[in-house]
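**Q** build me a model:
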Amino acid sequence: MGLKITGHTQLMGGVALWVMVFNGGAAAQDTAQNASVTPLQRIVVGTGIDKVAIDTPQAVTVLDQDAIDAQQARTIGDLFSEIPGITPIGSNSVLGESINIRGIGEALSGDETRIIIQVDGVNKFYEQYRMGSFFSDPELYKQVEVLRGPASSTLYGSGAMGGVVTFTTKDASDFLDPGDLIGGRLKTSWDSNGNGWLGSGIIAAEPIKNLELLGNLNYRQSQDITDGQGKKIEDTDFTSVNGLIKARYTFGENEDQSVFASYENWSSDEDNQNYDQITWGPDFGTVDRTVTDQTAIIGYENSFYDNDLLDMKAQVSWSDTRVEQKNQDEICRPGFPPICYYPFGDNSEYSYQTWQGKADNVATFQLGDTWAAYLTTGIDGQYQERRNPRDFGTYVQSGSNIHPEGETTNVGGYAQAELVWNDRVTLIPGMRIDYSSVSVDSYVNSSGDTIDLNEDKSEIGYSPKLAAMIKMSDWFGVFGSVAHTERLPSLDEVFTNYTVNDVKKELSNNFEAGVTLSFDDLALEGDAFRLKATAFRNNVTNFYASYWDGTTVVTEVIPEARYEGLELEASYWTDSVYGTVGASLIRGKNVTTGGHLNAIPADSAFLKIGYVYRPWNLDFGWKGDFFASQDLVGDDEEKTAGYALHNLYAAWKPTEGYLADSEFRFNVDNVFDKSFRNHLSDDEGAGRSFKLSFAKKF
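**A** Here you go, the predicted structure:
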């Protein structure tokens, strides 16, 4: 499969160690109970009807609150280290992170809708080519779901060839016990690499019956972190202030209705930052930069007590992601005299302002004693304005030839049925239809001339799918899916170079198949083993691949591209000993030329082994991250070497005395201070870091 011997040794050695440890660990136990909720046991809410992850006919991984806290993540990208198939890309800078799922996602390309990111059901997207695509803080969230593959398009939007990442913010009910009027949590953490620290405060209240209020304020800062050789990684210093306000009121004779509202804000103000947060090349100089991301939501839910045909939710939202840049460096090219200019103006601003609305309903049908059916139907729509004024002193240029200003309107409708027979067979057919229109009006070009283009382009995309899961026995299941999706042209692709381009839709045909294993009382009473393995092939037509050729961003249309691979998730636990393992192998091929595609992550696996000492409620263990060398690269990519990282962790949650409802965590990441570079990153990885955190609920 293209792996070097060293890569095979690291990956297979980790899996073998996992098997040996848990055979021995199980034999040492006399009695056992489920120690904690493992990834394959967590509830998935992003697939239609809520279900356990191992029972979904799709590759999906859920991070709950405990898993998020255990990471002690510095940035959003740090959250995904235990999810096969998803890789942070770009850089270690909080302003330079994007996401790659199953090889789809490039730091310098317009990946809008290939990977859909949502916060509480609101689409989040930002594109500047020299920055990341999502700005937020891990401390705001209580759950993260990663749905891999185009089958996600049915519920979330056409074109999600890589998949969907959904973030769910904290709720007041997470911090209130029945009868409480007020509660909350205080938390602080420290990271030795970069001397970073976090201060977080949450107040939750129920001043009157059924009215829940929450306020959350977080402050996070870090100096530049260092790599395994002790060298500073540029532009990894930052300061951010972020917060969340939420309210929910439940009412009705059977308390089956509620109205809710929320507002979230993340901001960072940094001076003398490299304009390029991806590769930190000197060609674009430095800039003073303020980044602000805002999301506001109001909504209504009604479960219609005693009516199985109605369970409705509707919401409208406003989202604004904005980057303001001042004091852009003047760049001088060699010559006599030298040619000096502002490549993006002395002052500039990039903004994505989006209004969205969505409504859906779940109807339940009981079809006899053994059959049940659930029908999810919905509509959603959004209107987005993208602006990019650049002040060159004598005139203000609107956008650029590769980043035009304009508007995008999307409207979609979908239906997904889930037919369940005797809790043994699940069939999920689905269909989505989307309409998209992109338009530009007048603009000011690079010469300061006003051009009236007044053009728009519209397309319709279709996303049908069929998924199935069959439990052949109590311990063995098989699943598979066939999904088609169409990514509609983006604003950049249609209007690049100030002209209307004849851009074709990207078409994706994806096939998945897999097996699940579920054993209880495997080696001793109360232990359990879960495994889910998925194979996939994604054939893409008219694939738009963008990359930096050393001078400019080049977009190449690949007539036929193919992604394929394997993903594995498994867990074993007793009352005291537990472990998880995950692995992914992804290949990307330019079918037209026979070459390799860009942005294919290295084969990787992680292995986590832990022990819970019940009398003290003390949880500690080791996690290894194993990455093979990557030599299956595109023509403009560099090969990277394999590596292994070792990490330690411990968590103590006292249940009695003054420290009850407290949580202490201690992590050591990259214990041996290994020097490495992730294949999809343009900078070196972080060196050894000691992390401490303390949280107290009240």
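
**Q** give me the residue at the spatial middle of the protein.
**A** Taking Cα atoms, centre = their mean, the centroid of the chain lies closest to V165, which sits 4.1 Å from it.

**Q** distance check, that residue against Q384.
**A** Between V165 and Q384 the distance is 19 Å, computed by Cβ to Cβ, to the nearest Å. (C-beta placed from N, C-alpha, C; glycine too.)

**Q** same check, this time on W475
**A** In terms of Cβ to Cβ, W475 sits 48 Å off from Q384.

**Q** looking at these two, which is more packed in?
**A** Q384 (20 against 13; other Cβ atoms under 10 Å).

**Q** in space, what's closest to D661 - neighbours in sequence excluded?
**A** K697 (4.1 Å; Cβ to Cβ, 6 or more residues apart in numbering).

**Q** so where do the helices sit in the protein?
**A** Secondary structure of the chain (DSSP state H): helices at 5-27, 65-71, 153-156, 491-495.

**Q** need the least confident one among the ones you listed, by mean pLDDT.
**A** With a mean of 40, helix 5-27 has the lowest mean pLDDT of the helices of the chain.

**Q** low-scoring stretches of the stretch 451-600 of the chain, by residue?
**A** 547-553 (pLDDT under 70).

**Q** the same query, at a cut-off of 50, please.
**A** Within the stretch 451-600 of the chain, no range satisfies pLDDT under 50.

**Q** do the chain as well
**A** By pLDDT under 50, the low-scoring segments of the chain are 1-35.

**Q** beta partners for the residue nearest to D661?
**A** R185 (DSSP bridges).

**Q** and it, how many neighbours?
**A** 17.

**Q** how near is it to A151?
**A** In terms of Cβ to Cβ, K697 sits 38 Å off from A151.

**Q** strands along the stretch 501-650 of the chain, start to end?
**A** Along the stretch 501-650 of the chain, counting by DSSP state E, counting those that start in this stretch, strands occupy 506-520, 528-548, 553-573, 577-590, 604-613, 618-627, 643-652.

**Q** for the closest residue to P84 other than its chain neighbours, what are its contacts?
**A** Excluding the flanking residues, the one nearest P84 by Cβ to Cβ, 6+ apart is S584, at 3.9 Å. By Cβ atoms under 8 Å, 6 or more residues apart in numbering, the residues touching S584 are P84, G85, G565, L566, E567, L568, P601, D603, S604, A605.

**Q** just H679 next, same as before
**A** I600, P601, A602, F627, Q630, T640.

**Q** would you list the phi and psi of it?
**A** phi -60, psi -30 (degrees, to the nearest 10).

**Q** mind starting the numbering at 857 from now?
**A** Okay, residue one is now 857; in that scheme the one you just asked about reads as H1535.

**Q** if I look at it, how far off is N1257?
**A** Distance from H1535 to N1257, by Cβ to Cβ: 31 Å.

**Q** just S1427 next, same as before
**A** Counting by Cβ to Cβ - S1427 and N1257 are separated by 50 Å.

**Q** ranges for the strands of the stretch 857-1006 of the chain?
**A** 899-900, 907-908, 916-919, 942-946, 953-957, 971-975, 978-980, 997-1004.
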